[in-house]
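S.K.: Next comes the sequence, and after it the predicted model I'd like to discuss.
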Amino acid sequence: MTERLEADEAERNGCRILLVDDDPGLLRLISLRLESNGYLVDTAESGEAALGRVAAQAPDAVITDLRMEGMDGMALFRQLRERDPALPVVILTAHGTIPDAVAATREGAFGFLTKPFDSAELLETIAEATGRNRAGAGRSASWRESIVTRSHAMETLLSELEMVAESDASVLLIGESGTGKEVIARAIHDASPRRNGPFVAINCASVPAELLESELFGYRKGAFTGADSDRDGLFVTAAGGTLLLDEIGDMPAAFQAKLLRALQEKRVRPVGAAEEVATDVRVVSATHRDLERAIRDGDFREDLFYRLNVVQFDVPALRDRPEDIVPLAEHFLADIQKDRLKADRIQGFSRDALRVLLGHDWPGNVRQLANVVEQACVLCRKGPVPANLVQRALRRDPTGVQPLAEARDAFERDYLVRIMRMAGGNVSEAARLAGRNRTEFYRLLGRHQLEPGDFKD
Ligand SMILES: Nc1ncnc2c1ncn2[C@@H]1O[C@H](COP(=O)(O)OP(=O)(O)OP(=O)(O)O)[C@@H](O)[C@H]1O
């Protein structure tokens with residue numbers, strides 16, 4: 001324990017923090033706290049002064065008040081991000097300005113602290129901010145080791161996940177393709193008492209409907225042509241562990257009732273077997289589909305939905321947590337460097353390259369970011385990865401292409417928004433323009449959670 005504390009202390013030593021506040025009393029107070037914990041602290045009483053200090057001192061992190069005379073914390077943060085997108089900026093905020101601070105984290109600020117804050121919270125946030133390349137060294141438990149994030153939304157999700165992992169409750173993960181649903185499913189497994197058992201994943205969309213039953217429940221010799229010996233299904237293979245049913249929204253309707261029964265009874269009947277077999281799995285399912293809508297459309301059983309969805313986590317799209325873009329890009333780069341000869345010749349990303357990464361919309365989410373980093377590195381000879389290679393990789397990247405269902409949804413929504421704007425929020429008029437009847441048009445609006453009132457002047 002003492003060794004751990006000493007190691008933490010040594011890690012912090014030499015970390016330079018720039019503290020910006022126009023209240024000298026608070027500056028002194030926070031400086032003392034940070035210095036007594038091994039940080040080197042530099043202070044500035046205005047945003048303008050802070051910009052000069054950053055250029056001269058190259059701090060490892062900046063803490064800035066939000067409300068200041070002249071350049072305020074938000075303007076300072078934007079300027080700093082422009083100069084060095086990887087520099088962590090923590091915002092200090094009073095109660096009334098929390099929404100601004102939240103907006104800043106959406107734009108990529110590391111996080112915010114609400115006044116009055118306690119010492120432990122301050123130190124923890126700064127330790128995380130300065131340890132960003134060590135993926136939260138010393139703090140992150142092993143179950144979340146493979147998850148890189150500095151987003152509040154993801155942190156909240158992970159802390160809820162840790163609580164839920166304790167039980168055997170079924171978890172449904174909803175999120176766009178490539179947001180990290182499988183990584184999160186594995187984290188649930190690793191944080192659960194089943195961690196020493198198997199983690200088995202199946203993509204329900206990629207198994208032909210007629211094979212899904214034998215794949216999940218197994219079969220007996222002679223059950224069908226080619227079944228020349230008994231075979232266990234994944235419900236049995238995953239016994240004592242966790243079974244991830246990925247793309248559950250694509251599960252054929254005909255099989256949904258059988259799956260529901262298996263989950264209710266905790267037993268499966270292998271194809272061609274006379275007897276049922278007991279199962280012992282924790283089920284996590286994942287989908288990018290809106291299952292409630294699939295239920296309304298008659299494509300997904302409501303009872304199965306409630307059985308799978310004891311707890312639901314919405315995994316945010318990467319564009320909704322831009323603060324994760326830089327740490328993830330650095331993580332993928334470090335990963336590539338581990339097994340590449342030219343590893344030491346590439347040194348991080350240039351500022352312009354980071355700006356390009358931050359400015360992108362990432363329709364393919366984290367998976368797309370990993371591919372783009374990989375492609376940019378392949379083409380990079382030495383030094384920091386330049387912006388033009390990132391742009392080139394973005395132009396070529398096929399994972400930016402959304403799956404058909406998502407693309408169709410996005411198109412439909414954009415189309416409805418356009419047409420509702422043209423019709424000034426008048427549904428009859430919009431329905432006429434779209435060549436649909438009013439009832440049907442209302443259903444379409446409802447499906448995309450669009451309110452006619454929002455389009456009226
Ligand atoms: N927070 C994260 N930290 C590190 N790597 C991540 C993170 N999120 C996702 N990844 C990586 O991004 C890739 C895509 O993640 P994953 O397969 O979990 O997404 P998904 O949501 O399950 O996608 P799909 O819906 O297409 O199956 C994987 O290589 C995964 O390791």
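M.R.: Perfect, I can see it now.
S.K.: from the middle of its chain, how far away would stretch 42-52 be?
M.R.: 33 Å (CA atoms, centre = their mean, to the nearest Å).
S.K.: Next: stretch 448-457.
M.R.: Centroid displacement of stretch 448-457 relative to its chain, using CA atoms, centre = their mean, is 29 Å.
S.K.: For it, buried residues please.
M.R.: Under the neighbour-count criterion of 16 or more other CB atoms under 10 Å, stretch 448-457 has His448, Pro452, Phe455 buried. Any C-beta I mention is one placed from the backbone N, CA and C, and that applies to glycine too.
S.K.: so where's the stretch 1-150 of the chain shaky on pLDDT?
M.R.: Along the stretch 1-150 of the chain, the model assigns pLDDT under 70 to residues 1-14, 95-96, 132-140.
S.K.: By residue count, which helix of this protein is the longest?
M.R.: Under DSSP state H, the helix in the chain containing the largest number of residues is helix 404-422.
S.K.: List the contacts of the following helix or strand past it.
M.R.: Note on helix 404-422: by DSSP states H and E, the next helix or strand toward the C-terminus is helix 427-434. With contact meaning CB atoms under 8 Å, 6 or more residues apart in numbering, helix 427-434 is reached by 415-416, 419-420, 422-423, 437-438, 440-442, 445, 452.
S.K.: top of those by neighbour count?
M.R.: Compared across the contacts of helix 427-434, Met420 has the highest neighbour count, 24 neighbours, by other CB atoms under 10 Å.
S.K.: Between the two ends of stretch 269-285, how far is it?
M.R.: 21 Å (CA to CA, to the nearest Å).
S.K.: buried sites along it?
M.R.: Here stretch 269-285 shows Arg269, Pro270, Val271, Val277, Thr279, Val281, Arg282, Val283, Val284, Ser285 as buried, counting by 16+ other CB under 10 Å.
S.K.: wait, doesn't the second one sit right on Tyr219?
M.R.: In this case it means Pro270. Yes: with contact defined as CB atoms under 8 Å, Pro270 reaches Tyr219; the gap is 5.3 Å.
S.K.: For the contacts of helix 427-434, give me JSON lines that also has pLDDT and distance to the ligand.
M.R.: Output for the contacts of helix 427-434, formatted as JSON lines (pLDDT from 0 to 100; distance: CB to the nearest ligand atom, whole Å):
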{"residue": "Tyr415", "pLDDT": "92", "distance to the ligand": "25"}
{"residue": "Leu416", "pLDDT": "92", "distance to the ligand": "25"}
{"residue": "Ile419", "pLDDT": "93", "distance to the ligand": "30"}
{"residue": "Met420", "pLDDT": "92", "distance to the ligand": "30"}
{"residue": "Met422", "pLDDT": "91", "distance to the ligand": "34"}
{"residue": "Ala423", "pLDDT": "91", "distance to the ligand": "35"}
{"residue": "Asn437", "pLDDT": "91", "distance to the ligand": "35"}
{"residue": "Arg438", "pLDDT": "91", "distance to the ligand": "36"}
{"residue": "Glu440", "pLDDT": "88", "distance to the ligand": "30"}
{"residue": "Phe441", "pLDDT": "92", "distance to the ligand": "31"}
{"residue": "Tyr442", "pLDDT": "91", "distance to the ligand": "31"}
{"residue": "Leu445", "pLDDT": "89", "distance to the ligand": "27"}
{"residue": "Pro452", "pLDDT": "90", "distance to the ligand": "32"}
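S.K.: Look up the pLDDT of Asn388 for me, please.
M.R.: Asn388 carries a pLDDT value of 92.
S.K.: For it, what are phi and psi?
M.R.: The phi/psi pair for Asn388 (degrees, to the nearest 10) reads phi -70, psi -30.
S.K.: Number of residues surrounding it?
M.R.: Counted with other CB under 10 Å, the neighbours of Asn388 add up to 14.
S.K.: Show me the helices in the stretch 51-200 of the chain, by range?
M.R.: If DSSP state H, counting those that start in this stretch is used as the criterion, the helices of the stretch 51-200 of the chain fall at 73-83, 98-106, 119-130, 152-165, 181-191.
S.K.: can you tell me how far the one residue in the stretch 151-300 of the chain that gets nearest to the ligand sits from Asp232?
M.R.: Per CB to the nearest ligand atom, Gly180 is where the stretch 151-300 of the chain lies closest to the ligand, at 2.7 Å. As for Gly180, its distance to Asp232 is 29 Å (criterion: CB to CB, to the nearest Å).
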